[in-house]
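S.K.: How does the following fold in three dimensions:
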Amino acid sequence: MSSSSSSAAPSPPPLPFPFSSSPPALVDALQRFRAAAERVVLDPANHDLLAVVKAARNGAVYGAKVRFPHALVMMVLFRPGTLREKLGLVYRATRTHAQNLARFAVVYKLVRFLLARLRAGRLALTDLPSVADLLDLEEGGPANLVGGILGEGGAAGAGGSGNSSSSKGKGKSRLRGLRGRGSGSKEGPYDSFIAGLIGGYLVFGGRGRSGKIPSVNQQIVIYVFARVVLALARLAIKPKGAGGLGLPVVSRKQVSETIARHAWPVFAAASWAAVMHLFRHHPDDLQPSLRGSMTYIYQQSDHWDSLRNFIWHNK
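M.R.: Below you'll find the model as predicted:
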């Protein structure tokens, strides 16, 4: 005998506070909205495009988590100015870091997505401009992307000139035509490189309104570059059979082991020798935050006029 409860659909989980204490009609409407949203995000046909949206979310969250504590410490302890000015700098640095990681994630994931569709014949080169207009980095690309997936007006359809609305409307129709998980084609060997190249140029390659390269972008790119160099150095001495580049001579086992054992001390010594020489003779050419830190440690330590600013305070 089957029970009536076994055929009933499972009830949705309760809404979190404070929605759980809302009027019953509002709670019911919110439950229906959440159920519809769940269907959209769990639909396999939407997976690849929604992965672009989640990449933007994760980039923004990670950028804020990484930048906020660093900026807070550096600005409060080492920057002159009032507390309000310092907090403003912290906010702007955090916003820039979060926005740029989110934008790069959107461009990177979307370019890989489009390359796969191009390879599978589901997208033509002539379609790319209208899709690019829809995903304008300066006009809320992730929000427009969601509107394109769902076939709704969204951010792309609100306001704007006739030409802009027409172009973005074409972009939405192209995106709806590209729905469906999987492209029927394997990823190309250089898709990630091309996507990173385009994303790096569009997001991190520009200058600010003042005509200067934003310091946050400099720090991010230098951070990435340093780790790329280290990874390429490891690949250079790794044999091809082990997944490396297998460069002549240096990839031989004995030579490779010797380099791996002694490379880091040489690299560390050469790096510190170079930066100290540059700081002593060409300080203006160093990155500002590095120059400020080194000034605090190596120059301001030469000056004091009492026990108070010898131990307890710097100045």
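S.K.: Remind me which helix or strand residue 91 belongs to.
M.R.: Under the criterion of DSSP states H and E, residue 91 resides in helix 83-120.
S.K.: Who are the packing partners of that helix?
M.R.: helix 47-78, helix 141-150, helix 191-199, helix 215-236 (3 or more Cβ pairs under 8 Å, 6 or more residues apart in numbering; DSSP states H and E). C-betas here are computed from N, CA, C, even on glycine.
S.K.: Compare those helices and give me the one nearest residue 114.
M.R.: Checking the helices and strands packed on helix 83-120 against residue 114 by Cβ to Cβ gives helix 191-199 as the closest, at 9.1 Å.
S.K.: Just the C-alpha atoms of the closest one, please, in CSV.
M.R.: Output in CSV follows, covering the C-alpha atoms of helix 191-199 (Å, rounded to 0.1, in the frame of the first residue of the first chain):
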residue,chain,number,x,y,z
ASP,A,191,41.7,29.1,-26.0
SER,A,192,42.8,30.0,-22.5
PHE,A,193,45.8,32.0,-23.9
ILE,A,194,43.6,34.0,-26.3
ALA,A,195,40.9,34.6,-23.6
GLY,A,196,43.5,35.8,-21.1
LEU,A,197,45.1,38.0,-23.8
ILE,A,198,41.9,39.7,-24.6
GLY,A,199,40.8,40.0,-21.0
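S.K.: Counting by contacts, list what that helix packs against.
M.R.: helix 83-120.
S.K.: any idea of the mean pLDDT for the helix it packs on?
M.R.: For helix 83-120, mean pLDDT is 90.
S.K.: how far off helix 191-199 does it point, in degrees?
M.R.: Calculated by axes from the mean of the first three to the mean of the last three Cα atoms, to 10 degrees, helix 83-120 forms an angle of 140 degrees with helix 191-199.
S.K.: Any buried residues in helix 83-120, and which?
M.R.: By 16 or more other Cβ atoms under 10 Å, the buried positions in helix 83-120 come out as 86, 89-90, 93-119.
S.K.: Low-confidence stretches in the stretch 101-250 of the chain?
M.R.: Residue ranges of the stretch 101-250 of the chain with pLDDT under 70: 121-185.
S.K.: can you rerun that using 90?
M.R.: 110, 113-189, 206-215, 233-250 (pLDDT under 90).
S.K.: Dead centre of this protein: give me the residue that sits there.
M.R.: The centre of the chain sits closest to residue 101, judged by Cα atoms, centre = their mean, with a distance of 2.2 Å.
S.K.: hang on, it packs against residue 57?
M.R.: No: Residue 101 sits out of contact with residue 57 when judged by Cβ atoms under 8 Å, with a separation of 10.6 Å.
S.K.: neighbours around residue 284, how many?
M.R.: Residue 284 has 7 neighbours, counted by other Cβ atoms under 10 Å.
S.K.: per-residue confidence at it?
M.R.: On the pLDDT scale, residue 284 gets 93.
S.K.: From residue 84, how far off is it?
M.R.: Per Cβ to Cβ, to the nearest Å, residue 284 is found 29 Å from residue 84.
S.K.: ok so, going back, tell me which of the helices and strands packed on helix 83-120 is the most buried.
M.R.: The highest mean neighbour count among these, using mean count of other Cβ atoms under 10 Å, belongs to helix 141-150: a mean of 22.
S.K.: Contacts only, for residue 294.
M.R.: Going by Cβ atoms under 8 Å, 6 or more residues apart in numbering, residue 294 touches 275, 279, 283, 286.
S.K.: most surrounded residue in the residues you listed?
M.R.: Taking other Cβ under 10 Å as the neighbour criterion, residue 279 ranks highest of the contacts of residue 294 with 18 neighbours.
S.K.: can you pull the contacts of that residue?
M.R.: Neighbours of residue 279 in contact, by Cβ under 8 Å, 6+ apart: 286, 291, 294, 298.
S.K.: Using JSON lines, lay out these together with distance to residue 198 and secondary structure.
M.R.: Formatted as JSON lines, the contacts of residue 279 follow (distance: Cβ to Cβ, whole Å; DSSP: H, G, I helix; E, B strand; the rest coil):
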{"residue": "286", "distance to residue 198": "30", "secondary structure": "coil"}
{"residue": "291", "distance to residue 198": "32", "secondary structure": "helix"}
{"residue": "294", "distance to residue 198": "35", "secondary structure": "helix"}
{"residue": "298", "distance to residue 198": "41", "secondary structure": "helix"}
